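Q: sequence and computational prediction follow.
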Amino acid sequence: MEQDVESPAIIKKPKLPKQVREDLPKQLSEKEISKRVQRYVRKDGKCNVHHGNVRETYRYLTDIFTTLVDLKWGLNLFIFVLVYTVTWLFFGFMWWLIAYLRGDLEHLEDNQWTPCVNNLNGFVSAFLFSIETETTIGYGYRVITDKCPEGILLLLIQSVLGSIVNAFMVGCMFVKISQPKKRAETLVFSTNAVISMRDGRLCLMFRVGDLRNSHIVEASIRAKLIKSKQTKEGEFIPLNQTDINVGYNTGDDRLFLVSPLIICHEINQSSPFWDISQAHLSRDDLEIVVILEGMVEATGMTCQARSSYVSREIKWGYRFTPVLTLEDGFYEVDYNSFHDIYETNTPACSAKELADMTNRSRLPLTWSLASRLSQQGLPEAERQGPETKSGPANQGKDRQPERNGDVANVESESKV
């Protein structure tokens, strides 16, 4: 009895009854699903893909410039300082070694001795002379003499290698600083995508905007549907990419992004959303990746901004709130309402079912016309049937009363 009373206080999860264990995931299913949504591209545009088991790591060294540019800022600055420090120390050691081998360090007080480098009396002074030579500072206190051919050769080598190091490292830092990735931070996408009616057809829409006054030149928009599928042969294709037409045929994908624009995808027979209804969308595991590209007006460099929408971020039956208003002599954009949406009447069926229902509503009119024509055609066929079956003799008999009747009518008319 004591164990039965104390057992609920120390009960563990595996000891829960079967019914409780079955009901618990159902209660947490929606929260767990929302937490377990795996994105291919995150909302900030970064791709959620990690490369593992890459054995051919030497390929990164063949393109060392891009490798250095892609490094994080902390590691990049560390390599920048390390490269310069190593070169200064190496050539400082070489200057000290020349002075040591020539015996300059042993004749520091001898005024008759001509050293390779004047006023070089140790490794520290050789290190300082190396910095002055590579950076072309030239304080004038330590100067190489013309009696040292090996020193002249080393001076030439250090000057050339120093120029190469400067060009390489300064170039890396310049490209790192001028990368247009930060320009993409001011290109914004709406938090949600919406599906609603536009011009009598279901359309998938999302909104893009530019926060800066300097515009994006040659801006274009693309969209991809990321969804795993299985072929008819049974092959499973994970994260299959399907193109979503956002106006490629009509030129609507090329944007003049001065104010926020609503990008529209018409759900037709060639759309991957042709068979998707509202109920199907809530259960489906898909992701829409949108890509905005263009050139930065200030630098001329190509900029790309990305975002994505998973199933729960696609709102069925909503529209975007207008953000553009006409003020006194100018247009004003209210970015407080950029992500706002409002509900509108939208059928919950798929675009295919909506097209079928539209066609059915038009069919009775065509059927009635066809039925009337068929009904008018049947008596004529029935009348012509016996005539076609009767022979020439019957046709003659039929024509004779008509002729007699005509003669009688003429005689009656003459009498009158």
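A: Yep, it's here.
Q: in the stretch 301-416 of the chain, which spans are strands?
A: Remark: strands assigned in the stretch 301-416 of the chain by DSSP state E, counting those that start in this stretch are 302-310, 314-316, 318-320, 324-326, 331-333, 341-343.
Q: format those as TSV; extra columns: distance to Lys147 and mean neighbour count.
A: For every residue, glycine as well, the C-beta is placed using N, CA and C. Listed next are these as TSV, based on distance: least, CB to CB, whole Å; neighbours: other CB atoms under 10 Å:
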stretch	distance to Lys147	mean neighbour count
strand 302-310	56	21
strand 314-316	81	20
strand 318-320	81	20
strand 324-326	79	10
strand 331-333	74	12
strand 341-343	83	14
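Q: out of those, the one nearest Cys203 is which?
A: Nearest to Cys203 among those is strand 318-320 (10.0 Å), distances taken as CB to CB.
Q: off-centre distance for that closest one?
A: Chain-centre distance of strand 318-320: 22 Å, with CA atoms, centre = their mean, to the nearest Å.
Q: then stretch 275-285?
A: Taking CA atoms, centre = their mean, the mean C-alpha location of stretch 275-285 is offset from the chain mean by 22 Å.
Q: next: stretch 334-351.
A: Computed by CA atoms, centre = their mean, the separation of stretch 334-351 from the middle of its chain amounts to 22 Å.
Q: re earlier: could you export the strands of the stretch 301-416 of the chain as JSON lines, including mean pLDDT and distance to Arg254?
A: Below are the strands of the stretch 301-416 of the chain laid out as JSON lines (pLDDT from 0 to 100; distance: least, CB to CB, whole Å):
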{"stretch": "strand 302-310", "mean pLDDT": "93", "distance to Arg254": "15"}
{"stretch": "strand 314-316", "mean pLDDT": "95", "distance to Arg254": "25"}
{"stretch": "strand 318-320", "mean pLDDT": "96", "distance to Arg254": "21"}
{"stretch": "strand 324-326", "mean pLDDT": "91", "distance to Arg254": "20"}
{"stretch": "strand 331-333", "mean pLDDT": "93", "distance to Arg254": "21"}
{"stretch": "strand 341-343", "mean pLDDT": "95", "distance to Arg254": "26"}
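Q: quick one, phi psi at Ile262?
A: Note on Ile262: its backbone torsions stand at phi -100, psi 120 [degrees, to the nearest 10].
Q: how much space is there between it and Ile195?
A: Distance of Ile262 to Ile195, given as CB to CB, to the nearest Å: 13 Å.
Q: setting aside sequence neighbours, what's the nearest residue to Thr135?
A: Distance criterion CB to CB, 6 or more residues apart in numbering; nearest residue to Thr135, sequence neighbours excluded, is Gly162 at 7.7 Å.
Q: how many neighbouring residues does that neighbour have?
A: 19 (other CB atoms under 10 Å).
Q: and for Asn118?
A: By other CB under 10 Å, 13 other residues sit near Asn118.
Q: OK, contacts around it?
A: 142-145 (CB atoms under 8 Å, 6 or more residues apart in numbering).
Q: same deal with Glu327?
A: Not one residue lies near Glu327 by CB under 8 Å, 6+ apart.
Q: hmm, back to that, can you work out which residues contact both of Ile262 and Ile195?
A: Met205.
Q: the two: who's more crowded?
A: Neighbour count, other CB under 10 Å: between Ile262 and Ile195, Ile195 has more, with 23 against 16.
Q: ok, that one touching Phe206?
A: No. Applying CB atoms under 8 Å, one finds Ile195 not in contact with Phe206, separated by 10.3 Å.
Q: wait, Arg319 touches Ile195, no?
A: No. Between Arg319 and Ile195 there is no contact under CB under 8 Å: 9.7 Å.
Q: list the residues that contact both of the two?
A: Any residue near both Arg319 and Ile195 by CB under 8 Å, 6+ apart counts here, and that gives Met205.
Q: how about the helices in the stretch 301-416 of the chain?
A: All helices of the stretch 301-416 of the chain, identified by DSSP state H, counting those that start in this stretch, fall at 351-389, 392-415.
Q: mean pLDDT lowest where, among the ones you listed?
A: Ranked by mean pLDDT, these end with helix 392-415 at the bottom, a mean of 41.
Q: helix or strand for Gly171, which one?
A: helix 149-177 (DSSP states H and E).
Q: helices or strands up against that helix?
A: helix 64-70, helix 73-102, helix 123-135 (3 or more CB pairs under 8 Å, 6 or more residues apart in numbering; DSSP states H and E).
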